[in-house]
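1. sequence isn't available, so here's the structure alone:
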């Protein structure tokens, strides 16, 4: 996945979220920004596992960790 398209994807996610009053926009923003953080360690499918470990070190909650872990399809 090309990183130059990530800002557009984040923007699109926030645009969609704006249509829902009860959407947790802060969570959506965090998930959109952090879902591929594990790619700093690996570009394989295990980047989701690596990403969860990185996010845990920074104190992110289970809601964000779940997004990072599960964004690659059906989850790990």
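-> Perfect, I can see it now. Nothing here was measured: the structure is a model prediction, and the numbers come from that model.

2. below-threshold pLDDT in this structure: ranges please.
-> Applying pLDDT under 70 to the chain flags the ranges 1-4, 73-76.

3. now do the SS call for the residue lying farthest from the centre of it.
-> In the chain, the residue that sits farthest from the middle, by C-alpha atoms, centre = their mean, is residue 21; the gap is 21.0 Å. Residue 21 carries the three-state label coil when classified by DSSP: H, G, I helix; E, B strand; the rest coil.

4. okay, buried residues for the helix or strand in which residue 32 is found please.
-> In the assignment (DSSP states H and E), residue 32 maps to helix 25-34. Residues of helix 25-34 classed as buried: 28, 30, 31, 32, 34 (neighbour count, 16 or more other C-beta atoms under 10 Å). Using the backbone N, CA and C atoms, a C-beta is placed for each residue, glycine as well.

5. what sits up against stretch 11-18?
-> Stretch 11-18 has contacts (C-beta atoms under 8 Å, 6 or more residues apart in numbering) with 23, 25, 28, 29, 32.
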